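Enquirer: Pasting the sequence and the predicted model now:
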2 protein chains.
Amino acid sequence: MSDTEGPTRTRLLRLLRDRGALSRAELADRLQVPRPRLLTDLDGLLATGLIQEAGPAASRGGRRSTLVELNPTLRFAAVDLGASSIDVEITDGRLEPVAAATMVSDIRSGPKEILHQVNEMLGKFHTEGAFERLAAVGIGVPGPVSFRDGVPVSPPIMPGWDRYPVRDLIAREHGCPVVVDNDVNIMSIGERYGGVADSVDNLLFVKIGTGIGCGIYLNGEVYRGTDGSAGDIGHIQVDSHGPVCSCGNVGCLEALFGGAALARDALAAAKAGTSPSLAERLSANRTVTAKDVADGAAEGDVTCIRLIRDGGRRVGGVLAGLVSFINPSMIVIGGGLAGLGHILLAEIRSVVYRRSLPLATGNLPVVLSELGTRAGVVGAAVLASEIAYGQPS
Amino acid sequence: MSDTEGPTRTRLLRLLRDRGALSRAELADRLQVPRPRLLTDLDGLLATGLIQEAGPAASRGGRRSTLVELNPTLRFAAVDLGASSIDVEITDGRLEPVAAATMVSDIRSGPKEILHQVNEMLGKFHTEGAFERLAAVGIGVPGPVSFRDGVPVSPPIMPGWDRYPVRDLIAREHGCPVVVDNDVNIMSIGERYGGVADSVDNLLFVKIGTGIGCGIYLNGEVYRGTDGSAGDIGHIQVDSHGPVCSCGNVGCLEALFGGAALARDALAAAKAGTSPSLAERLSANRTVTAKDVADGAAEGDVTCIRLIRDGGRRVGGVLAGLVSFINPSMIVIGGGLAGLGHILLAEIRSVVYRRSLPLATGNLPVVLSELGTRAGVVGAAVLASEIAYGQPS
């Protein structure tokens, strides 16, 4: 996705996406292509309506150049399907959001119901004038994806979705190219495009939500694995005597930490009376959540702090092994439980720095996501723009 | 390293390396380049002496084409530096060995002494007529390498070698391009070129020798990591109450299994009298080795079998996690302890298949290396040919 790769047309559109309006002279400089070829490409793009002229550029001496920019009516749809929610953003060609919506929705309702809801949300945006037509759609789903085929593949928490033609159905509905990827992959794409991991070569983006997964960038490219299931670190065993996981194995990372495990442990602590803070919240709300643990920890409740630290130690132990294996340049912690903040981060860092070899951790930042809950839709919009501008990531 | 990438000249030389003598017509077909450009490239290569004409091709009708082949006097040196040995092969341009030698040598003697020994070995080959001059040298070293700089980087078992200019000194001595890489990387390159992992896209090559390391191919390219230390899986923690490792941490994989750990455990078993087979070997040879454990297991000694199974379970546990993370297409087990054979392999397979998710293991072969002790020199020769033919891997 850098502006040095791909055909001139693609590089030109990416430049206008990332830098805004530029003069023909600036484009020729930055793209380092001969001016006649650039002018031919620009004429072609002007004819398609993807770009337009945008008035005179500031003078650099000599004949004044004209600015070109992406057509301001260009629109992408970015869709992030979670286990229990649908997030949609409509962006312009520069990936700035022009409309956004979230709805509660259970992915287990199955593909027909969920894609119907997505189309309803998009239809509402259309009626409200957020777009005339879409140039491309990017979609993230919470499970393994065959990126080539645009279908989920054996997704454990998505009954009924196996090899369902998500890409082709949405493409037919909206008459535009569509790209489907795993939700953690799109979050890592978002964070690397517009967040803390700007252009990092070898990136691990660890999503700690209800479950735990990892987005992987290697040598500047998303790495998806042989079957599209790379990054499935929630099912790495961390305790051979641990609790049974939803996958049927014992002691998986996400059986011990993540939103579901943390809520379970918090409920047990509230009932056992070891945490005044959680007990109070349980009696007030009849339930406790990961958010309650974060709030309790902020108030100094020792059980809440211990629960977060225990989780951080588990995640850190797995990441220490992955650091030895893949020698990354940066680790970003995202997903809902990144809201547990610096207690979690400090524990993860401590284990990674202690357990991995110095050569691999000497310059290794371990940081929290900057984009937070928007990481997914930002990444989906990036994927949409990549396919519209000529080359999927 | 496929014959569809890189400039025509490189692809042409690779084709002659991998297929032998070909006619101009066959080259034009396989490379899919216009015949005039091919003929120009061939003329250039004939002038350099890298290739030569090799008589008339079998007729395909019409004017008879002439075969071309790599110059039969072309020579590469492949050097595999181990912890306690130096292996050298001289190959022709097709990577067929024309001479080979092994000597016992302690890598801790330091770079001056070791490189002097390498040069002595090469000098002897030269005197004996194995080569007139070398076209390129490939070298593997047992530690992390900055591939770009051609130097070892903070190698734990190589005192005195940190950033020692191995590549540049050998290049000056022999007046040819030199490429330096980690020993496990060259083994994986060898196995993928000439062994069981022919052209596999996403490959983990696990070397179990004195220590344990992993060579990584992703999307058909060697992946070396941010600091050249990727694949250092011997220091992944597998038992937080395990023995102290040479790295200072506790319970690393290679503190529990690998040649050093197995010899330690075998000695303890021999002394404790739990293994008649090992006790007998200890009294006969005053020491026991991994080989003795293999022999004992072959004779049905239950302690020997248990030691191998315990080790396989440890390795399998680490690999199961890496399978979830990287979703490879194949795992190859190599290195000295691959000689423990099918007891080891069966245990590793059993754990990987049980512990990883079905999607990632459905089509995942876990197999023993075919090249055995030659994997390193074969890979070093491949790297040498890649740099000589115009493009390092």
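Expert: Arrived safely, thanks for sending.
Enquirer: ok, the least confident helix or strand in chain A by mean pLDDT near chain B or not?
Expert: Sorting the helices and strands of chain A by mean pLDDT, DSSP states H and E puts helix A:358-361 at the bottom, at a mean of 86. Yes: using Cβ under 8 Å from any Cβ of the partner chain, helix A:358-361 reaches chain B at A:358, A:359, A:360. (Each C-beta comes from the backbone N, C-alpha and C, glycine too.)
Enquirer: Show the subsequent helix or strand relative to that helix.
Expert: Moving toward the C-terminus from helix A:358-361, the next helix or strand (DSSP states H and E) is strand A:366-368.
Enquirer: Now do that following strand: everything it contacts.
Expert: A:196, A:319, A:330-334, A:338, A:341, A:345, A:348-349, A:352 (Cβ atoms under 8 Å, 6 or more residues apart in numbering or on different chains).
Enquirer: out of the residues you listed, who's nearest chain B?
Expert: Checking those against chain B with Cβ to the nearest Cβ, the nearest one is residue A:330 at 8.9 Å.
Enquirer: In contact with the residue of the stretch 101-250 of chain A found nearest chain B, which residues are there?
Expert: Closest contact between the stretch 101-250 of chain A and chain B, by Cβ to the nearest Cβ, is at residue A:225 (2.7 Å). Going by Cβ under 8 Å, 6+ apart, residue A:225 touches A:231, B:202, B:326, B:327, B:328, B:360.
Enquirer: and with 6 Å instead?
Expert: residue B:327 (Cβ atoms under 6 Å, 6 or more residues apart in numbering or on different chains).
Enquirer: Please report phi then psi for it.
Expert: Dihedral angles of residue A:225 (phi, psi; degrees, to the nearest 10) stand at phi 90, psi 170.
Enquirer: Report pLDDT for it.
Expert: For residue A:225, the pLDDT comes out at 95.
Enquirer: Hmm, residue A:281 and residue A:292 touching each other?
Expert: Yes: at 4.6 Å, residue A:292 counts as touching residue A:281 under the criterion of Cβ atoms under 6 Å.
Enquirer: quick one, which of these two is more surrounded?
Expert: residue A:292 (25 against 21; other Cβ atoms under 10 Å in any protein chain shown).
Enquirer: Distance-wise, check that one relative to residue B:162.
Expert: Using Cβ to Cβ, to the nearest Å, residue A:292 is found at 50 Å from residue B:162.
Enquirer: And the furthest pair within the contacts of strand A:366-368?
Expert: For the contacts of strand A:366-368, with distances taken as Cβ to Cβ, the pair at the greatest spread is A:330 and A:341 (18.7 Å).
Enquirer: How far does the least confident helix or strand of chain A sit from its chain's centre?
Expert: Helix A:358-361 sits 27 Å away from the centroid of its parent chain (Cα atoms, centre = their mean, to the nearest Å).
Enquirer: who touches stretch A:197-210?
Expert: So stretch A:197-210 is contacted by A:83, A:184, A:187-188, A:191-192, A:213-215, A:217-218, A:220, A:258-260, A:328-337, B:226 (Cβ under 6 Å, 6+ apart).
Enquirer: Among those, which ones are in strands?
Expert: A:213, A:214, A:215, A:217, A:218, A:330, A:331, A:332, A:333, A:334 (DSSP state E).
Enquirer: With respect to residue A:46, which of those is nearest?
Expert: The shortest gap between residue A:46 and any of the ones in strands among the contacts of stretch A:197-210 belongs to residue A:217, at 34.0 Å (Cβ to Cβ).
Enquirer: so what's the residue sitting nearest the centre point of chain A closest to, chain neighbours aside?
Expert: Closest residue to the average C-alpha location of chain A: residue A:187 at 0.9 Å, with Cα atoms, centre = their mean. Nearest in space to residue A:187, with sequence neighbours left out and distances taken as Cβ to Cβ, 6 or more residues apart in numbering or on different chains, is residue A:375 at 4.0 Å.
Enquirer: Since that was my last question, I'll sign off now.
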